[in-house]
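# the following block contains a protein sequence and its predicted model.
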Amino acid sequence: MTGVGPTLQIAGIWVPTSLWFRATGLAVEVKVPTEPLSTPVGKTAELTCTYSTSVGDSFALEWSFVQPGKPVSESHPILYFTNGHLYPTGSKSKRVSLLQNPPTRGVATLKLTDIHPSDTGTYLCQVNNPPDFYTNGLGLINLTVLVPPSNPSCSQNGQTSVGGSIALRCSSSEGAPRPVYNWVHLGSSPTPSPGSMVQDEVSGQLILTNLSLTSSGTYRCVATNQMGSASCELTLSVTEPSQGRVAGALIGVLLGVLLLSVTVFCLIKFQKERGKNPKETYGGSDLREDAVAPGISEHTSRADSSKGLLERPSSASTVTTTKSKLPMVV
């Protein structure tokens, strides 16, 4: 067939392509960059998305976002364009817009301002234009937000005496891509031999074995990625084992002396308090002239004693003889 332009053979019949697309609708095709996109934190990112279709009244554009490691089915909308109106939505609504508005000329590029670390993830550009549902109407863009390392924290764990081993640790809470860590020994003292110093640049751990006095000093950890670096320091003091034992024994003696002093002080104070308040004591065999028999009050006893002294009869008048009334047996 000549003079009719491109043709398609359908059921053995050659049909012009223009007639086929008018009968069935045009294909929707979305194009996005194949390479991941990287943008420094705080900057503006442009997520390029273009499409080809015959834009009609049913044309709709949707941008959505899914966090790293999650399936596309869990994406959340961040912007709609439908019925000639633009509708930003979600937590990014104040920072998203379209490079061309309305996006009806084949360009659906998304602008995201003031990039946050949480903006790292996958962005979906989807074009719907019924009845054009052929080929691919969806494009995916991976965005990584570049963040310099935060100030790392340094810590140590282990035995700091000669011959012991210790682990120095370093970690930054923020940083993208993930920082690498490097330890250096500062100061004028010699650097430990390579065999006794092993570090892991990924985990940020430095292991020192067979410590010596020359292992003492200041150690600096530097966290680095393509956005910058940050560091922290700690001081390591290695001691002789005997010094540690002597120090422990001295502390024990001092604690013993302190405890003994407190005990003696308490005893002396107790004796003084006891001397200020003496108590009268009487022996079990001693008799008191003013003792009161049990059950008789002291007041009654004194009164009876006084009355007896005043009214006591003579001894002659008080003696009586009573004859027995019992019969006498001879």
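Yep, that arrived. Numbers count the residues shown, from 1 in each chain.

# for Gln126, see how far away Thr82 is.
12 Å (Cβ to Cβ, to the nearest Å). Placement of C-beta: from N, CA and C, glycine included.

# try Thr160
60 Å.

# coming back round to it: spit out the residues that contact Thr82 and Gln126 alike.
Leu61 (Cβ atoms under 8 Å, 6 or more residues apart in numbering).

# ok, the two, which is more surrounded?
Gln126 (21 against 13; other Cβ atoms under 10 Å).

# flag the shaky bits of this protein, pLDDT-wise.
Regions of the chain meeting the criterion pLDDT under 70 cover residues 1-26, 133-136, 188-195, 242-249, 276-330.

# show me it divided up by domain.
27-146, 153-241 (automatic domain parsing).

# could you pull out the helices in the stretch 201-330 of the chain for me?
241-276, 298-311 (DSSP state H, counting those that start in this stretch).

# counting neighbours, what do you get for the closest residue to Gly121 other than its chain neighbours?
Of all residues beyond its chain neighbours, the one nearest Gly121 is Gln67 (4.9 Å), with distances taken as Cβ to Cβ, 6 or more residues apart in numbering. By the criterion of other Cβ under 10 Å, Gln67 has 12 neighbours.

# rewinding a little: compare the domains of the chain and report which one is nearest to Arg274.
Nearest of the domains of the chain to Arg274, taken as Cβ to Cβ: domain 153-241 at 49.7 Å.

# between the two ends of the closest one, how far is it?
29 Å (Cα to Cα, to the nearest Å).

# stretch 100-109 now?
7 Å.

# and the strand or helix carrying Leu168, what does it pack onto?
Assessed by DSSP states H and E, Leu168 sits inside strand 166-171. With contacts defined as 3 or more Cβ pairs under 8 Å, 6 or more residues apart in numbering; DSSP states H and E, the packing partners of strand 166-171 are strand 153-158, strand 180-185, strand 205-208, strand 217-225, strand 228-236.

# identify each buried residue in it, please.
166, 168-171 (16 or more other Cβ atoms under 10 Å).

# and that strand, which strands flank it?
strand 153-158 (antiparallel), strand 205-208 (antiparallel) (DSSP bridges).

# that strand to strand 180-185, inter-axis angle?
Angle, strand 166-171 to strand 180-185, by axes from the mean of the first three to the mean of the last three Cα atoms, to 10 degrees: 140 degrees.

# strand 166-171 vs strand 228-236, what angle?
150 degrees.

# what does strand 166-171 contact?
Taking Cβ under 8 Å, 6+ apart as the rule, strand 166-171 contacts 152-160, 181, 183, 204-208, 211, 219, 221, 223, 232, 234, 236.

# again, only using 6 Å
Residues outside strand 166-171 that contact it (Cβ atoms under 6 Å, 6 or more residues apart in numbering): 152, 154-158, 181, 204-208, 219, 221.

# now, the most widely separated pair of those residues?
That would be Pro152 and Gly158, which, of those, are the farthest apart (Cβ to Cβ) at 19.1 Å.

# who's more crowded, those two?
Pro152 (22 against 15).

# hmm, the more buried one is touching Glu233, no?
No - counting by Cβ atoms under 6 Å, Glu233 is not a contact partner of Pro152; they are 10.1 Å apart.

# just the buried ones from the contacts of strand 166-171?
Buried among the contacts of strand 166-171 by 16+ other Cβ under 10 Å: 152, 154, 181, 204-206, 208, 219, 221.

# from those, which is closest to Thr34?
The closest of those, once distances to Thr34 are taken by Cβ to Cβ, is Tyr181, at 32.7 Å.

# for Pro33, see how far away that closest one is.
32 Å.

# over to Ser150?
From Ser150 to Pro33 the distance is 30 Å (Cβ to Cβ).

# now do Ile207
From Ile207 to Pro33 the distance is 43 Å (Cβ to Cβ).

# swap in Lys94?
For Lys94, the distance to Pro33 - Cβ to Cβ - is 25 Å.

# likewise for Pro130?
For Pro130 relative to Pro33 (Cβ to Cβ), the value is 27 Å.

# cool, Thr235 as well?
49 Å.

# likewise for Ile166?
48 Å.

# then Pro131?
Taken as Cβ to Cβ, the span from Pro131 to Pro33 is 29 Å.

# how about the helices and strands packed on strand 166-171, which one is nearest Cys49?
With Cβ to Cβ as the yardstick, what comes closest out of the helices and strands packed on strand 166-171 is strand 217-225 (28.7 Å).

# just the angle between that closest one and strand 166-171, please?
30 degrees.
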